[in-house]
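A.B. asks: sequence and predicted structure, then a few things I'm wondering about:
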Amino acid sequence: MSTFLTKAFGFDREKHTVRTEIVAGITTFLTMAYILAVNPGIFSALDMPGGAVFTATALAAIVGTLVMALFAKKPFALAPGMGLNAFFVFTVCLGYGHSWQFALTAVFLEGILFIILTLTKVRSWILNAIPLSLKHAIGAGIGLFIAFIGLQNAGIIVNNDATLVGLGKITQGTALLAVIGLVITGALVILKVKGSILIGILATAVIGLFIKDPATGAAITKFSGVVSAPDSIAPIFCKFEWGSILSWDMLAIVFTFLFIDMFDTMGTIIGVSQKAGMVDEKGNVDGIDKMFMADSIATVCGACFGTSTTTTYVESASGVGAGGRTGLTAFTTACCFALALLFSPIFLAIPSAATAPALVIVGVMMMTPVVKIDWEDFTESIPAFITVLLMPVAYSISDGILIGVISYVLLNACAGKFKKISPTMWILAALFICKYIFI
């Protein structure tokens, strides 16, 4: 048995125990299972069938996490990424006016490119070219964007003709439910309860049974069952729009998906590996190329299933914190996602007001990189701040990144700090400027 575990998952019976690895895998699932409720809610803005999106989300998580378990043999779990799903829905589709089929095609192409970049040195060339301050700013900006979407979906933040946005009626309806949920979820996170985000979502949804929507007079939460066979993904399976693959819009969106996915995965893997002591004396992560490959394969499969970019989850840190160190942890998490497929009625009945607190809490967690930005060096801090600020106020992750890169190059050039600007950054800035002029 131990020989099988060693070959399959990198398990060493002298260092690891099966019980610890399984508990760690369940812990990871509990901390990231909220995506099963959040993802269908976000994609509902595109009128994509919620049941199919739920199934696609679970399948993408299962495939990606299994590849991580069996190929990379690491304790990390994957699922459609927060921020990337928001970019898919609110920027590419609702912002730029493209169809969800167009966006799925971009995700598929991004996954293929990620595989190619992983097999070559181009990936390292791009990664090393982006200033560290912008890398930190991107994660923080996405966090703000996600939180803003959550507040907006719950009715806490509403449209206001005088000031563009304003505070909604937080003493009634969905806004009140979201406020209650934020207090509950925040308290659970503070108390370090395992699975706090998922527990907060479920508790808020239950409370929604007793709070009425003023517009309809009906309860906000409407449960229709517990166990059910998963819905078919046929309506969204491999629905690609090949006629647009040579357009400038497709090129820009594919690159943005790739850019976000690349740095999100890199940051998660390195950060969690450091926490687990899985790095060498130089801070290098053993087998990082295999982990990148698992991420890219999962993205390609997820696009085929009908969902946004699949990426390594920072919530994997919870499983690592519980002692997970091998692929057996990831395998356990994948099994939990497979089991969750049978409970789609529960996840699909959860209203956006119940998932909004999760988006806010995830946004908080994603803000931590800002402390690593050198705020005293304005050639670093101004572009970083622009990147963070523009994502929520422009309602676009891509615009935040693109203008952040442009501002970094222009400000450092004006300051005479040409040595800080790599040739790659000059090329990227020129391409992004052309994008705004000609597209």
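C.D. replies: Received the coordinates, thanks. Numbering: from 1, shown residues only.

A.B. asks: CA atoms only: put stretch 8-20 into CSV for me.
C.D. replies: Provided in CSV are the C-alpha atoms of stretch 8-20 (Å, rounded to 0.1, in the frame of the first residue of the first chain):
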residue,chain,number,x,y,z
ALA,A,8,0.9,7.8,-7.0
PHE,A,9,1.1,10.8,-4.6
GLY,A,10,4.8,11.2,-3.5
PHE,A,11,3.8,9.8,-0.1
ASP,A,12,6.6,8.9,2.4
ARG,A,13,5.4,6.9,5.3
GLU,A,14,8.3,8.1,7.4
LYS,A,15,7.3,11.7,7.0
HIS,A,16,3.5,11.6,6.3
THR,A,17,0.4,9.8,7.6
VAL,A,18,-2.6,8.9,5.6
ARG,A,19,-5.0,10.3,8.2
THR,A,20,-3.2,13.7,8.2
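
A.B. asks: please identify the buried residues of that stretch?
C.D. replies: If you call a residue buried by 16 or more other Cβ atoms under 10 Å, then stretch 8-20 has these buried ones: 9-11, 16, 20. All C-beta atoms are positioned from the backbone trio N, CA, C, and that covers glycine.

A.B. asks: again, but for stretch 232-242
C.D. replies: So, applying 16+ other Cβ under 10 Å, buried residues of stretch 232-242: 233, 236, 239-241.

A.B. asks: and stretch 217-233, by the same measure?
C.D. replies: In stretch 217-233, counting by 16+ other Cβ under 10 Å, buried: 220-221, 230-231, 233.

A.B. asks: circling back to that earlier point, now, which of the buried residues of stretch 232-242 sits nearest Phe76?
C.D. replies: Closest approach between those and Phe76, by Cβ to Cβ: Ile233, at 24.5 Å.

A.B. asks: residues in contact with that closest one?
C.D. replies: Contacts for Ile233 (Cβ atoms under 8 Å, 6 or more residues apart in numbering) come out as 52, 55-56, 59, 305-306.

A.B. asks: and the residues you listed, which two are the farthest apart?
C.D. replies: Pairwise distances across those peak at 10.4 Å for Ala52 and Leu59 (criterion: Cβ to Cβ).

A.B. asks: low-confidence regions, the stretch 1-150 of the chain specifically.
C.D. replies: Applying pLDDT under 70 to the stretch 1-150 of the chain flags residues 1-2, 121, 123-124, 126-128.

A.B. asks: can you pull out the strands in it?
C.D. replies: Assigned by DSSP state E, counting those that start in this stretch, the strands in the stretch 1-150 of the chain fall at 78-80.

A.B. asks: how about the stretch 151-300 of the chain?
C.D. replies: Counting by DSSP E, counting those that start in this stretch, the strands of the stretch 151-300 of the chain are 157-160, 164-167.

A.B. asks: highest mean neighbour count out of those strands?
C.D. replies: strand 157-160 (a mean of 14; mean count of other Cβ atoms under 10 Å).

A.B. asks: ok, it: who's next to it in the sheet?
C.D. replies: For strand 157-160, the paired strands and their directions (DSSP bridges) are strand 164-167 (antiparallel).

A.B. asks: output the partner strand in CSV, but only the C-alpha positions, please.
C.D. replies: C-alpha atoms of strand 164-167 as CSV (Å, rounded to 0.1, in the frame of the first residue of the first chain):
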residue,chain,number,x,y,z
LEU,A,164,-22.4,57.2,-9.7
VAL,A,165,-22.6,54.9,-6.7
GLY,A,166,-24.2,55.1,-3.3
LEU,A,167,-25.2,53.1,-0.3
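
A.B. asks: re the thing from before, now the two most distant members of the buried residues of stretch 8-20.
C.D. replies: Gly10 and Thr20 (14.3 Å).

A.B. asks: so what's Ile397 closest to, chain neighbours aside?
C.D. replies: The shortest distance from Ile397 to any non-neighbouring residue, by Cβ to Cβ, 6 or more residues apart in numbering, is to Phe87 (4.4 Å).

A.B. asks: same check on Ile170?
C.D. replies: Using Cβ to Cβ, 6+ apart, the closest residue to Ile170 is Val179 (5.4 Å).

A.B. asks: repeat for Ala178
C.D. replies: Among residues not flanking Ala178 along the chain, Ala154 sits closest, at 3.4 Å (Cβ to Cβ, 6+ apart).

A.B. asks: wait, doesn't that neighbour sit right on Ile180?
C.D. replies: No - Ala154 is beyond contact range of Ile180, at 10.6 Å (criterion: Cβ atoms under 8 Å).

A.B. asks: C-terminal to the helix or strand harbouring Leu339, what's the next element?
C.D. replies: Taking DSSP states H and E as the criterion, the element that holds Leu339 is helix 327-340. Next helix or strand after helix 327-340 toward the C-terminus (DSSP H and E): helix 344-348.

A.B. asks: show me what that following helix is packed against.
C.D. replies: helix 35-43, helix 50-67 (3 or more Cβ pairs under 8 Å, 6 or more residues apart in numbering; DSSP states H and E).

A.B. asks: ok, and what's touching it?
C.D. replies: For helix 344-348, the surrounding residues in contact (Cβ under 8 Å, 6+ apart) are 36-37, 40, 50-51, 54-55, 202, 223-228, 230-231, 340.

A.B. asks: ok, now how distant is the closest residue to Phe438 other than its chain neighbours from Tyr96?
C.D. replies: With Cβ to Cβ, 6+ apart as the criterion, Phe438 has its nearest non-adjacent residue at 7.4 Å, and that residue is Trp248. Remark: distance between Trp248 and Tyr96 (Cβ to Cβ, to the nearest Å) = 12 Å.
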